[in-house]
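K.L.:
Provide a 3D model corresponding to the input given below.
(2 chains)
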Amino acid sequence: MRVESYFFVFAVFFANVFAWHPTSQIIEEQVPQTAFAQLSDFQNAARPEYNAYLAAGIIYLPLPSQSALSTEWGIHDGFAARQRVGIWLTNDFDGEGSKGPAIGLGWFGERQGWDNEDFLFLPHRGDFSQINQIHTFGLTIADSSKHLLFGGGFQYLNAEDETVRWWLLGTWDRFSVMPSFHKGNLQFINTQLYLQARELRGDKNSWQNYLPDLEFSFFSKDSVKMFISQNIFKQRFYIEGAFWAKDFAWAALKYYPEPSRLIMALEATAAQKENGKIYYGGGITLPFLRVAYNHADDYENFFKSMGIWIVEIRLAIGTSGSSFFALKAPKAAPSEISKSPVKKEDKE
Amino acid sequence: MKNISKQLALISVLILSSCTHWIVDTETRIQMENRTGEEIRDLSIVSETGQIKILVPDTLKKDTLSRSYEYELVGKFNFAVFSRDSLIDLGRHRLKGGMILVQIEKEDGEFTLRFKR
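P.N.:
The predicted structure is shown next:
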């Protein structure tokens, strides 16, 4: 037995106290959820007033027993993986200002699944490996002075079988709608009513800072998801919730020391599992790192994981003019260069 | 300079983030030893639905060793072995990976399994 193995035997024992094991069914069911989340991210990133968005994330699980796969044969040591990237660039990505409408190109990709070896580039693809890919490609055209953006593209889902979906996007100021189709069939419509005043959008600071952000996702007649985010204190402290038509999905308290949400996010969540039990968790997000335990986002987006520490090496940054901010943020990060983010109207 | 060290730290974390398989075995090489005093064959794992996957497809006379077989199996599995055409349950055991010698013994009429590295 090699010396390192003793450490791992100990660690394996320690980590095994918790019992969360992804199954191939859970990994398969994750694909449509990620497809939805990816389009929702695209919708939030590609706003008429914004110039570019860049995101990346890789979940780091050091021990093979943290995400051991459960099959009919038993429990297989290995690594659940989630690697994602998001890029949306307009021809005005440097914020210098451009003549005419801004054309944007986007690619949001994710590779997720389980493999018996951990990997950065090429998966090992062992006997029980299951690696799925979801990619969204899109083209947008925006007029920031009119707060208008239109987009469209397709989404490639490579899971048990390959499917190509296509989607449309229309955003006007605080309202945005995004339907997604598979051939002629509507998969879902995502509607956003982001009523909260956002300095990034050119809104002035007022009582409207305290209007809620609402999102309605219609999957089918009986399956509607609602999301609400309510500013409680100076666009730094938020209460958020997500509900299915009859059921509570999750609720969160989020604190951003700074309204651009770029420096840090502290989150406490409560999520409802499928068996009706509610469990609590939380996390901290830093510019390049996210550490979370039992977080509702990971339950939704990382194979219903719970009872394990999630460490994600990540990045998510958007630009508008010469200012920077995180996804869904109301204000830009303070900077010496940027004074007022959306100033294209004033220029003319 | 500070930035460079930050970037180096980030890069090293990125690289290390997928290297656990360099120090942890993800494959198991299994060899079976018959110490039961009677003929046994086909060391297997049994699924929840009762399916059988034979890991060591050898028939062993008493006090003999099988050949070594390699599988991508590390984790917890239900083991079983055949003796006189009946499947004998050996219980759930943790397969650690690497080279493993599986010793099958018989005490008081009960078959037991023991791993020896």
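K.L.:
what residues does chain B put near chain A?
P.N.:
B:10, B:13-15, B:17-21, B:23-24, B:26, B:45, B:47-49, B:51, B:53, B:71-78, B:92, B:96-98, B:117 (C-beta under 8 Å from any C-beta of the partner chain). C-beta coordinates here come from the backbone N, C-alpha and C atoms, glycine included.
K.L.:
Just those residues: which are in strands?
P.N.:
If you go by DSSP state E, the residues of chain B next to chain A have B:45, B:53, B:71, B:75, B:76, B:77, B:78, B:92, B:98 in strands.
K.L.:
so the first one sits right up against residue B:55, yeah?
P.N.:
Yes: with contacts defined as C-beta atoms under 8 Å, residue B:45 counts as touching residue B:55 at a distance of 6.3 Å.
K.L.:
For the helix or strand harbouring residue A:142, which strands pair with it and how are they oriented?
P.N.:
When secondary structure is defined using DSSP states H and E, the element that contains residue A:142 is strand A:130-143. Based on DSSP bridges, the pairing partners of strand A:130-143 within the sheet are strand A:102-115 (antiparallel), strand A:148-158 (antiparallel).
K.L.:
Turn those into a markdown table, columns for mean pLDDT.
P.N.:
Shown next, in a markdown table, are these (pLDDT from 0 to 100):
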| stretch | mean pLDDT |
| --- | --- |
| strand A:102-115 | 92 |
| strand A:148-158 | 92 |
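K.L.:
tell me the most buried of those strands?
P.N.:
strand A:102-115 (a mean of 21; mean count of other C-beta atoms under 10 Å in any protein chain shown).
K.L.:
how far does that one sit from the chain's center?
P.N.:
Averaging C-alpha coordinates over strand A:102-115 and over its chain gives two centres that are 11 Å apart (C-alpha atoms, centre = their mean, to the nearest Å).
K.L.:
again, but for stretch A:265-274
P.N.:
For stretch A:265-274 - counting by C-alpha atoms, centre = their mean - the centre lies 15 Å from the chain centre.
K.L.:
buried stuff in it?
P.N.:
Of the residues in stretch A:265-274, those buried by neighbour count under the rule 16 or more other C-beta atoms under 10 Å in any protein chain shown are A:265, A:267, A:269, A:270, A:271, A:272.
K.L.:
what's near enough to touch residue B:28?
P.N.:
Counting by C-beta atoms under 8 Å, 6 or more residues apart in numbering or on different chains, residue B:28 makes contact with B:70, B:71, B:72, B:73, B:74, B:95, B:96, B:97, B:98, B:100.
K.L.:
Show me where chain B has its helices.
P.N.:
Across chain B, reading from the start of the chain, the helices by DSSP state H fall at B:2-16, B:20-23.
K.L.:
Residues of the stretch 151-300 of chain A that sit close to chain B?
P.N.:
Near chain B, the residues belonging to the stretch 151-300 of chain A are residue A:288 when assessed by C-beta under 8 Å from any C-beta.
K.L.:
Look up how far residue A:264 lies from the closest residue to chain B within the stretch 151-300 of chain A.
P.N.:
Of the residues in the stretch 151-300 of chain A, the one nearest chain B is residue A:288, at a distance of 6.1 Å by C-beta to the nearest C-beta. Using C-beta to C-beta, to the nearest Å, one gets 12 Å for the distance from residue A:288 to residue A:264.
K.L.:
try residue B:26
P.N.:
When C-beta to C-beta is applied, the distance between residue B:26 and residue A:264 equals 37 Å.
K.L.:
who's more crowded, those two?
P.N.:
residue B:26 (22 against 13; other C-beta atoms under 10 Å in any protein chain shown).
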